[in-house]
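*Asks:* would you be able to build a 3D model of this:
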Amino acid sequence: MSKNIKCFLLSIRYVNLVLLCVFSSIIYANNLRPHIAEVEHFSVNDGLADNTIYSIARDKNDFLFLGTPNGLSRYDGHRFENFTVTENKSISLLHQNAGNITIDSQQRIWIGSWGNGLYLYDENLNFLRHFSEFGEGRHTTKLVQVVYEDSDGDVWIGTNGGGLAFYNNTTNELRYFVHQDTQPDGLSHNRVWDIREGNKGQIWVATGGGLDRIDKQNNFLINHNSLRNQNSENNLLVRTLYCSRQGQLWAGTENGLFIFDEQIQQFEEIVSQSNPAISRIPITHIEQGRDSEFWIGTQNGLLLYNSFHDSFVPLVSEEQYFLLSHYDIRALSYDIEGILWVASRTSGLVKLNFGAKAVESIDNYLTEDGRTRPLNRVQSLLFDSQDNLWIGSTEGLMIQTPQSSDIVMFSPSLNIDLGMVTTITELRSGEFWFGSNKGLFTYNKDNGQIAE
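*Replies:* As a prediction, the model looks like this:
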C-alpha cells in the first residue's frame, strides 16, 4: 500500500471493521460520524455566480460548467469565471437564468432557463439560437427542466408544462410529445424531470406522472412503465434517471430508488433492509463512482449505495444517515480522478476527493492454523514504516502485509498471550510497543522476540 495514502480504522461496536483508505477524502463507517479531510466548499465568496446550483456539465477540457439562477459559472480547477447578462463583458448571456446546462458532442452549450425558453451557444459562448417556447395547443411553456443529447446527436428537451420536445439535429425540426387526458398513448405528464437513453437505444422519460419509454425506431411509440415498491405502491413522480457503465437503468423517484431488470422487463425497488426509511426519500440525482458504488443525491443529503453488497452505507451516525445532511442536492458529477462534485440548492458546490477505494469492509481474520474467524471489536490500528497494517482487537493482535489481502493472527516466536490489544506504537528504532489488558509488551521485529 502506498505510503501517501491516509488510512483510518474505525471500530464498529460488536460488528466488524471498516478500513477506509483515501488521499484527501471523507472517511466514514457504520454508526460513526465521518472523519473529513480536505473537503472543499465553494460559494459566492469563492467566485460562484450563485449559491444555488441546479446542474453540472463538462466540456472537452474537463472544465466544470455550473448552471445557476444567476448565470453560468465555469470552473477550470483553479478559479471561477461567471457569464451573466452584462454589457461590460465581451461574452455574456442573453438571459440571466441559466439553471439547466448541457454540453453536446459538438461542444455546443445548451442553457435552459426557467421562464424564457432554451438558448443555444457554441463552445465559445457565441449565441446560435433561441427556442422561446415549447409545447403545442394549450400545453405550452417557457420553463425548461432538462436537455439531453442521444447517441444520434438529436436533442430532447424536457419542460414543466409543455411536455417533451424532440429536436432533430439534421433537419432542425421540433416534434412535441404532450399529455392529454383524451390520448392514453401520449406522455404520462407534462412535467418532464429527466431523460436518458437505454442500452438498446430506447429513450426513457421521467415525468411527474410516471416513467415513459419511447421507441425512436418505431415511430416514437410511447410505452408506460410502473415503478411499484415492495408495498405495491406506484411511484408516479420520477425525478432522475441514470444509465450505469454496466448498461443498467436506474430511476430515482419521490419515494425511493429503482433499477430496471432486463430479464423480467420490470423495475425493482432498491431499499435498505435494515432501515427502509433511509432510502425511501426523494431522490434527485444518481451518479456511479467506483465499480459497484453509486452516489445518491437526495433532498436530505447524500447516500452511498453498494450494488455488490446490495446495501446502503450509513454515512454519518445511527441517528443521521446522510453525508452533507443540510444539503438539498441537485446534481452530482464523478470524474476520472476520483473526485465527486456535489451541487446543491442554496449551499454552493462541494468537492469530495476520493483518491483510492473509498470503503473496504473487513469482517474476518485467519488464525494461526488457517481457519477463518470473525473479527469483532477493533481497539487500535497502526500502519508501520513497512506499510504493514497492525490491528488490535478483543481477539488479540492481527497483521496484514502489503503482499496479502488477508488479515492474520500475529504469531511471535514466544508463545505469549497478548490479550485484548488496545494500543500499538512503532518507535523510530523499529521497535514496537503493544498495550493490552494483560500489560505492556515490546516487540523486536529483527529477532522476532516479544518481551513483557
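
*Asks:* C-alpha from now on. contacts and neighbour counts both.
*Replies:* Will do.

*Asks:* what's opposite residue 267 in the beta bridge?
*Replies:* residue 260 (DSSP bridges).

*Asks:* just checking, it touches residue 257?
*Replies:* No. Contact status for residue 267 versus residue 257: not in contact, 9.7 Å apart, counting by Cα atoms under 8 Å.

*Asks:* which one's more surrounded, these two?
*Replies:* Using other Cα atoms under 10 Å as the criterion, residue 267 and residue 257 rank with residue 257 on top: 27 against 20.

*Asks:* now do the more buried one against residue 428, distance only.
*Replies:* With distances taken as Cα to Cα, to the nearest Å, residue 257 is found 51 Å from residue 428.

*Asks:* tell me which helix or strand the residue nearest to the spatial centre of the chain sits in.
*Replies:* In the chain, the centroid-proximal residue (Cα atoms, centre = their mean) is residue 295; its distance is 2.4 Å. Assigned by DSSP states H and E, residue 295 belongs to strand 293-298.

*Asks:* can you show me the CA trace of that strand as CSV?
*Replies:* This file holds the C-alpha atoms of strand 293-298, laid out as CSV (Å, rounded to 0.1, in the frame of the first residue of the first chain):
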residue,chain,number,x,y,z
GLU,A,293,-20.5,2.3,-5.7
PHE,A,294,-23.4,4.6,-6.6
TRP,A,295,-23.8,8.1,-5.1
ILE,A,296,-27.4,9.0,-4.5
GLY,A,297,-28.3,12.7,-4.2
THR,A,298,-31.5,13.5,-2.2
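
*Asks:* partner strands of that strand, parallel or antiparallel?
*Replies:* Per DSSP bridges, strand 293-298 is paired in its sheet with strand 283-288 (antiparallel), strand 301-306 (antiparallel).

*Asks:* put the alpha carbons of the helix or strand hosting residue 351 into CSV.
*Replies:* Secondary structure assignment for residue 351, by DSSP H and E: strand 349-353. Output in CSV follows, covering the C-alpha atoms of strand 349-353 (Å, rounded to 0.1, in the frame of the first residue of the first chain):
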residue,chain,number,x,y,z
LEU,A,349,-20.6,23.4,-4.6
VAL,A,350,-18.7,20.7,-2.6
LYS,A,351,-15.7,18.8,-3.8
LEU,A,352,-15.1,15.4,-2.3
ASN,A,353,-11.7,14.0,-3.3
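
*Asks:* what about residue 387, neighbour count?
*Replies:* The number of residues packed near residue 387 is 15, by other Cα under 10 Å.

*Asks:* that one should be in a helix, yeah?
*Replies:* No. Counting by DSSP: H, G, I helix; E, B strand; the rest coil, residue 387 falls outside a helix, being coil.
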